[in-house]
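In: build the 3D model from these lines:
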Amino acid sequence: MPTAVLVSETGGPEVLTVTEAEPGSPGPGEVLVDVAAAGVNYIDTYHRSGAYPLPLPFRIGLEGAGTVTAVGEGADAKVGDRIAWSSTLGSYAAQVVVPVAAAVPVPDGVDDQTAAALMLQGLTAHYLLTSTYAVQPGDTVLVHAAAGGVGLLLTQLATARGARVIGTVSTAEKAELARAAGAAEVIRYDQVDFAPAVRELTGGEGVAAVYDGVGASTFDGSLDSLRRRGVLALFGAASGPVPPVDPQRLNRAGSVFLTRPTLADHVVTTQELRGRAADLFDAVLAGELSVRIGATYALDDARTAHEDLEGRRTTGKVLLIP
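Out: Here you go, the predicted structure:
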């Protein structure tokens, strides 16, 4: 019988258990998929810990890619199709049932691991750069955790749009990865206070936008790094949630904008989802976007994958291979 990773009680990585799990047959508009790769993301750790509560028990994981093996009534797909998805709970599994409306076709030339890696993180990078703050040629932007999964994609995509990227990282190895992705400047935030460094690098002006997936430990400095009427896009909380904010701080920072976007609001329709995914796949096929698979783990090692992700011991994308 196929296996899946189950959460029966919330807590640390130790609550993840691998169990036999029958995925069931696909219903109307659904397909059954043999999972080739499942993405590991910070939102999974929030589900596991209970920070984002889900009814217990639940099968964890949202993202993956694989091959259709059975098709439900009315589903616009066929056996053998390769698809990827970003929002199907239970994706840490050998098999999963996926709604076709929430999936994207994977083109020839894009392998399953790359497709899985581009879903949640790639789509996030895409909406941040095109919708949350639409980067313009000549902009300078700050990307936190620039060697992480989203960070490397943001850096490449922003650079391709003509922006100057300042990245923050915590190690020399990560600094090299960020530079290779196109970061014009890299700040070691473990060595210096990044906000004054950003001001110095921008002649005192600050950046047009800060893309911050770190949260509590970077928030104050992110506000201090913005130019007048700049945008702080807080899209994650790897270091913990940001405490409540007095709106007057936005005034004092220069009439800046603060937003807390989420992917679900930027892939509302199947058309929007597939349009964003197609842009990413086209960039990969054109050689304009490189997807770094930083680490792969067996399904049985999901616990270790979470430990390494939360311990900031990973770069690029983390995948489980059933």
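
In: please save the CA atoms from the helix ranked longest in the chain in CSV.
Out: Ordering each helix of the chain by length in residues (DSSP state H) puts helix 270-285 first. Only the C-alpha atoms of helix 270-285 are listed here, as CSV (Å, rounded to 0.1, in the frame of the first residue of the first chain):
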residue,chain,number,x,y,z
THR,A,270,-7.2,28.3,-12.8
GLN,A,271,-6.3,30.7,-15.6
GLU,A,272,-4.2,32.9,-13.2
LEU,A,273,-2.5,29.9,-11.7
ARG,A,274,-1.6,28.4,-15.1
GLY,A,275,-0.5,31.8,-16.5
ARG,A,276,2.0,32.4,-13.6
ALA,A,277,3.2,28.8,-13.9
ALA,A,278,3.7,29.1,-17.7
ASP,A,279,5.8,32.2,-17.2
LEU,A,280,8.1,30.3,-14.8
PHE,A,281,8.3,27.2,-17.1
ASP,A,282,9.0,29.4,-20.1
ALA,A,283,11.9,31.1,-18.2
VAL,A,284,13.4,27.7,-17.3
LEU,A,285,13.1,26.4,-20.9
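
In: can you name every helix or strand that it contacts?
Out: strand 103-105, helix 112-118, helix 120-127 (3 or more CB pairs under 8 Å, 6 or more residues apart in numbering; DSSP states H and E). For every residue, glycine as well, the C-beta is placed using N, CA and C.

In: quick one: closest of these to Tyr52.
Out: helix 120-127 (13.8 Å; CB to CB).

In: about what we covered before: can I get the helices and strands packed on helix 270-285 in JSON lines including distance to Ala237 and mean neighbour count?
Out: As requested, the helices and strands packed on helix 270-285 are arranged in JSON lines below (distance: least, CB to CB, whole Å; neighbours: other CB atoms under 10 Å):
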{"stretch": "strand 103-105", "distance to Ala237": "27", "mean neighbour count": "24"}
{"stretch": "helix 112-118", "distance to Ala237": "21", "mean neighbour count": "26"}
{"stretch": "helix 120-127", "distance to Ala237": "14", "mean neighbour count": "26"}
